[in-house]
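Peer 1: Provide a 3D model corresponding to the input given below.
(one chain, ligands or ions: 1)
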Amino acid sequence: MAKKKTAEKKIPLSEKNIQQGIALHNNISLLRAMYVSLELQDNSKMDKNCAAYVDSRYSTRWHGEEARVFLNRNFLLTPEEWVFTIAHCELHLAFGHFDAEKIPANCDLRLWNIACDIYVTKFLVEAKFGTPRCSLELYTGPTKDELSIYEYLQEHRELCDKFYFGTAAPHIPDMKNLDRPLSYPMGEQNYFAVRFAEALAQSVSRVV
Ligand SMILES: [Zn+2]
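Peer 2: Next up, the predicted model:
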């Protein structure tokens, strides 16, 4: 028996936590309803300082480009921090942060990413989905929408060194392919936004 015990492979805490985080995430209907593809990777494929990022145009073998969220299974977060992190990446898609019609003209994409990080963080803190890794109190500017935050940051660039609300690392954007904004053919829409709006409407109607 003792021999069998030593032969059992010990599951690292980072792996246990990420699996628990995904399970908790899947229990939140509003998040599950977006149907975003999640892919687990390890330190051999992701920067070890990066917990997660979202790629709006991940190139797949059979289906062309699709949005996908990548999670670093070697990165140690609590399960609740994983819920927050996964939801953060998904909401970049559902809030249209990659969409050509939403991104300001002549955009500073690094600053836009930071503005969107702040907006998503505010939403998740208010919705009480998981646990943030950076306190929103560190940012004292407007939070009405992404554009108002972006315009404020343009005038207060020094603030960007005082906090990090993204899910990757300060030197790595957590929105990949932001330089190739998404636009939709006539009659089509951002379906992550549509699914999220429908799920939100359903959850509100259940409460009322
Ligand atoms: Zn982000």
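
Peer 1: Look at the nearest residue to Ile28 once chain neighbours are set aside and say how many residues are nearby.
Peer 2: Nearest non-adjacent residue to Ile28, counting by Cβ to Cβ, 6 or more residues apart in numbering: Phe129, 6.4 Å away. In short, each C-beta sits where N, CA and C put it, glycine included. Counted with other Cβ atoms under 10 Å, residues neighbouring Phe129 total 21.

Peer 1: got the residues of the protein near the ion?
Peer 2: With Cβ under 5 Å from the ion as the criterion, the chain meets the ion at residues Asp117, Gly166, Asp174.

Peer 1: wait, what's in contact with the residue nearest to Ile28?
Peer 2: With contacts defined as Cβ atoms under 8 Å, 6 or more residues apart in numbering, Phe129 is in contact with Ile28, Leu31, Val83, Phe84, Ala87.

Peer 1: how about 7 Å then?
Peer 2: Ile28, Val83, Phe84, Ala87 (Cβ atoms under 7 Å, 6 or more residues apart in numbering).

Peer 1: what's the nearest residue to the second one if we skip its chain neighbours?
Peer 2: Okay, so that is Val83. Gly130 (3.2 Å).

Peer 1: Excluding sequence neighbours, find me the nearest residue to Ala23.
Peer 2: Pro79 (7.9 Å).

Peer 1: right, and Lys162 touches Thr140 too?
Peer 2: No - using Cβ atoms under 7 Å, Lys162 makes no contact with Thr140, being 10.0 Å away.

Peer 1: and the residue nearest to Ile28, helix, strand or coil?
Peer 2: coil (DSSP: H, G, I helix; E, B strand; the rest coil).

Peer 1: what are the phi and psi values for Ser29?
Peer 2: Dihedral pair for Ser29: phi -60, psi -30, per degrees, to the nearest 10.

Peer 1: Distance of it relative to the ion?
Peer 2: 22 Å (Cβ to the ion, to the nearest Å).

Peer 1: got a list of what that residue touches?
Peer 2: Ala199, Ser203.

Peer 1: Spit out the contact partners of the residue nearest the centre of the chain.
Peer 2: Geometric centre of the chain, nearest residue: Cys89, 1.2 Å, by Cα atoms, centre = their mean. Applying Cβ under 7 Å, 6+ apart to Cys89 gives the contacts Ala52, Tyr53, Val54, Val69, Thr167, Asp174.

Peer 1: and Pro185, how far is that from the ion?
Peer 2: 27 Å.

Peer 1: what do you get for Pro132?
Peer 2: Distance of Pro132 to the ion, given as Cβ to the ion: 12 Å.

Peer 1: before we move on, what about Lys122?
Peer 2: 12 Å.
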